[in-house]
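[1] Whatever this is, show me its structure:
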Amino acid sequence: MNSATEDKYVSKKAIAANEERFRALITAISDIVYIMSADWREMKQLEGRDFLADTNEPLADWIAKYIHPLDHDQVKTAVEEARRDNKIFQLEHRVLRADGSIGWTLSRAVPILDHKGNVREWFGAASDITETKRAEEALKLAKKRTDQQKRVYETIANSTPDLMYVFDLQYNFIYANEALLSMWGKSWDDAIGKGLLQNGYEPWHAEMHEREIDHVRTTKTAIRGEVSFPHAVLGKRVYDYIFTPILNDKGEVEAVAGTTRDITEIKQNEQRKNDFIGMVSHELKTPLTSLTAYLQLMEKSNPAQEDPMTKKILGQSIKQSRRMTNMINGFLNLARLESGKMFIEKEPFDFATFLQEIAEETRMLYSQHRFVFPESAPVNINGDMGKLAQVINNLIGNAVKYSNLGSQVRISTIIEGDQLKISVSDEGTGIPQEEISKLFDRFYRGQNNNLIAGFGIGLYVCREIIERHGGKIWVEQSTDQGSTFCFTLPV
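    Numbering: from 1, shown residues only. All right, here's what the predicted structure looks like:
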């Protein structure tokens with residue numbers, strides 16, 4: 001053997017050894033290994049390793065056996081491109097697995113050349129990527145659903161006249177719907193990512209909302225408020241808003257969502273209503289006061305009142321005129337309260353003396369009930385005597401209204417720390433437990449009160465008066481044996 005022939009032999013042997021090592025490496029790291037003929041018409045061998053069915057003899061209909069029908073054309077096209085340019089075949093496609101199910105592979109095949117540079121066969125390997133493709137499909141489906149939900153939510157958010165927005169924890173807007181952008185007179189790019197001041201809020205307004213965002217973040221609870229804000233087109237408007245925490249999967253606040261509603265028209269209508277109630281009540285009060293005075297004058301001018309019927313009629317007339325006066329006063333106070341015109345004019349006075357004056361008037365007005373008033377020591381209170389008298393008279397009036405004739409109404413006082421506690425107890429029908437929490441709401445009347453006159457504003461006004469004095473009012477107990485209403489005043 002001459003040297004040239006010997007070199008050629010050594011070279012072929014080295015190439016064969018390299019090829020064997022290459023095959024061994026691919027076989028070791030691949031899920032599937034296969035060998036194709038030079039023209040790809042036959043599959044010479046396939047080791048499916050339980051993923052695909054093995055074949056140890058040439059197979060001509062390998063496409064029908066292994067490739068999913070929907071991918072036949074795609075595989076044929078990729079094979080033709082690889083053969084034409086003698087380049088690596090590479091393709092992701094579906095296959096028919098050994099168990100009959102559909103799987104996915106990433107298949108690669110390299111051309112193996114003979115000593116003349118011609119392709120003698122193709123050596124291929126494939127990986128099982130079924131789970132990866134399933135995950136991709138699930139992710140794609142989830143994204144599609146998310147995009148669909150996003151479009152629905154954006155449609156809802158942008159079609160409502162309410163202002164909807166989201167703050168990050170640095171007080172910057174990270175979302176604003178069309179209504180809010182319109183109110184600002186800004187585009188999305190101009191507003192999003194910017195803070196309150198940058199979006200036109202006055203310093204006091206920005207500071208207020210920043211404190212509220214801090215409160216939501218700290219407490220993880222919603223907060224509600226009302227504020228005036230200039231609209232870019234409509235001018236100054238009144239808004240009711242609520243801030244709500246957005247929690248992550250760890251239960252931590254990651255953002256704060258807000259919703260704001262324009263209540264300008266509602267406020268204007270309420271003001272018109274209050275003005276009307278106040279005007280009508282004031283106009284009614286003047287003639288009613290005169291009528292009561294005339295009735296009292298008639299009663300005093302004929303002290304003997306020999307005719308029992310006349311005496312009874314006068315007494316009932318005075319009683320009813322006082323009741324109507326109290327109702328009108330209630331409407332006046334409600335109108336003043338809601339328009340912000342109810343003033344508490346405090347001055348120091350002795351509550352014990354004040355209560356005795358109320359006792360004398362009460363016994364005259366409600367002669368068919370028994371009243372027990374305390375014999376208390378002097379107690380100094382700083383308050384509005386007229387407003388506090390209205391509270392006590394209202395509680396006494398309710399006690400009389402909801403209890404039988406001849407029953408007892410007890411008024412008691414006790415000092416607890418720096419508070420004076422006043423209680424009014426009756427022997428009436430009591431209040432259902434489910435109604436107690438609603439008693440001090442505006443215009444609320446119990447389900448069983450349809451036969452008793454009233455508009456459900458007395459206790460609402462009482463609560464406002466007591467709270468403006470720095471006290472509290474509540475129902476201490478209520479059974480079918482009677483109820484006890486209590487309130488406190490700072491001593």
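
[2] Kindly list the main-chain dihedrals of T289?
    Per-residue torsions, T289: phi -60, psi -40 (degrees, to the nearest 10).

[3] Next: G193.
    Per degrees, to the nearest 10, the backbone of G193 is at phi 90, psi 0.

[4] pLDDT averaged over stretch 179-188 - what is it?
    For stretch 179-188, mean pLDDT is 87.

[5] for that stretch, how far is the first residue from the last?
    End-to-end distance for stretch 179-188: 11 Å, by CA to CA, to the nearest Å.

[6] So which bits of that stretch are buried?
    179-181, 183-184, 186 (16 or more other CB atoms under 10 Å). No exception for glycine: its C-beta is placed from N, CA and C like everyone else's.

[7] could you dump those residues to CSV with distance to F485?
    Below are the buried residues of stretch 179-188 laid out as CSV (distance: CB to CB, whole Å):
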residue, distance to F485
A179, 45
L180, 45
L181, 51
M183, 46
W184, 49
K186, 53
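
[8] Redo these as CSV? Include distance to G117 and secondary structure.
    Output for the buried residues of stretch 179-188, formatted as CSV (distance: CB to CB, whole Å; DSSP: H, G, I helix; E, B strand; the rest coil):
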residue, distance to G117, secondary structure
A179, 72, helix
L180, 71, helix
L181, 68, helix
M183, 75, helix
W184, 72, helix
K186, 69, coil
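
[9] farthest-separated two in the residues you listed?
    Using CB to CB, the buried residues of stretch 179-188 reach their maximum pairwise distance at A179 and K186, which is 12.3 Å.

[10] so who does L459 touch?
    Counting by CB atoms under 8 Å, 6 or more residues apart in numbering, L459 touches 394, 398, 439-440, 444, 473.

[11] Do me a favour and get the backbone dihedrals for it.
    The phi/psi pair for L459 (degrees, to the nearest 10) is phi -70, psi -30.

[12] Shouldn't S403 be within a helix?
    No - the assignment for S403, made by DSSP: H, G, I helix; E, B strand; the rest coil, is coil rather than a helix.

[13] give me phi/psi at it?
    Main-chain dihedrals, S403, degrees, to the nearest 10: phi -130, psi 160.

[14] And for the closest residue to it other than its chain neighbours, the neighbour number?
    The shortest distance from S403 to any non-neighbouring residue, by CB to CB, 6 or more residues apart in numbering, is to G428 (3.4 Å). Counted with other CB atoms under 10 Å, residues neighbouring G428 total 20.

[15] Need the per-residue pLDDT for G428.
    Listed pLDDT for G428 reads 87.

[16] tell me the contacts of it?
    399, 402-404, 407, 482-483.

[17] biggest separation within those residues, which pair?
    Farthest pair in the contacts of G428 (CB to CB) is N404 and S483. Separation: 13.6 Å.

[18] So for these two, which residue has more residues nearby?
    When N404 and S483 are compared for neighbours, S483 comes out ahead with 25 against 12, by other CB under 10 Å.

[19] Relative to A135, how far out is the more buried one?
    The spacing between S483 and A135, counted by CB to CB, to the nearest Å, is 66 Å.

[20] still on that earlier bit, looking at the contacts of G428, spot the one nearest N86.
    Of all the contacts of G428, N86 sits closest to S483, with 99.8 Å by CB to CB.

[21] By pLDDT, give me the weakest of the contacts of L459.
    Minimum pLDDT for the contacts of L459 is recorded at Y444 (64).

[22] in the stretch 1-150 of the chain, which spans are helices?
    According to DSSP state H, counting those that start in this stretch, the stretch 1-150 of the chain carries its helices in the segments 3-29, 62-66, 72-85, 130-159.

[23] Enumerate the positions of the shortest one that are buried.
    By neighbour count, and taking 16+ other CB under 10 Å as the criterion, the buried residues in helix 62-66 are 62-63, 66.

[24] One more: stretch 468-486?
    Buried residues in stretch 468-486 (16+ other CB under 10 Å): 468-469, 471, 473, 475, 478, 482-486.

[25] With only the CA atoms kept, save stretch 106-121 in PDB.
    C-alpha atoms of stretch 106-121 as PDB (Å, rounded to 0.1, in the frame of the first residue of the first chain):
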ATOM      1  CA  LEU A 106     -38.800  18.900  17.400                       C
ATOM      2  CA  SER A 107     -37.100  16.900  14.700                       C
ATOM      3  CA  ARG A 108     -33.600  17.500  13.200                       C
ATOM      4  CA  ALA A 109     -31.800  15.500  10.500                       C
ATOM      5  CA  VAL A 110     -28.300  16.000   9.000                       C
ATOM      6  CA  PRO A 111     -27.200  14.700   5.700                       C
ATOM      7  CA  ILE A 112     -24.400  12.000   5.800                       C
ATOM      8  CA  LEU A 113     -22.100  12.200   2.800                       C
ATOM      9  CA  ASP A 114     -20.100   9.500   1.000                       C
ATOM     10  CA  HIS A 115     -16.400  10.000  -0.100                       C
ATOM     11  CA  LYS A 116     -17.600  11.700  -3.200                       C
ATOM     12  CA  GLY A 117     -19.700  14.300  -1.300                       C
ATOM     13  CA  ASN A 118     -23.000  12.800  -2.200                       C
ATOM     14  CA  VAL A 119     -25.800  12.300   0.400                       C
ATOM     15  CA  ARG A 120     -25.900   8.600   1.200                       C
ATOM     16  CA  GLU A 121     -28.500   8.900   4.100                       C
END
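
[26] Appreciated, that's everything.
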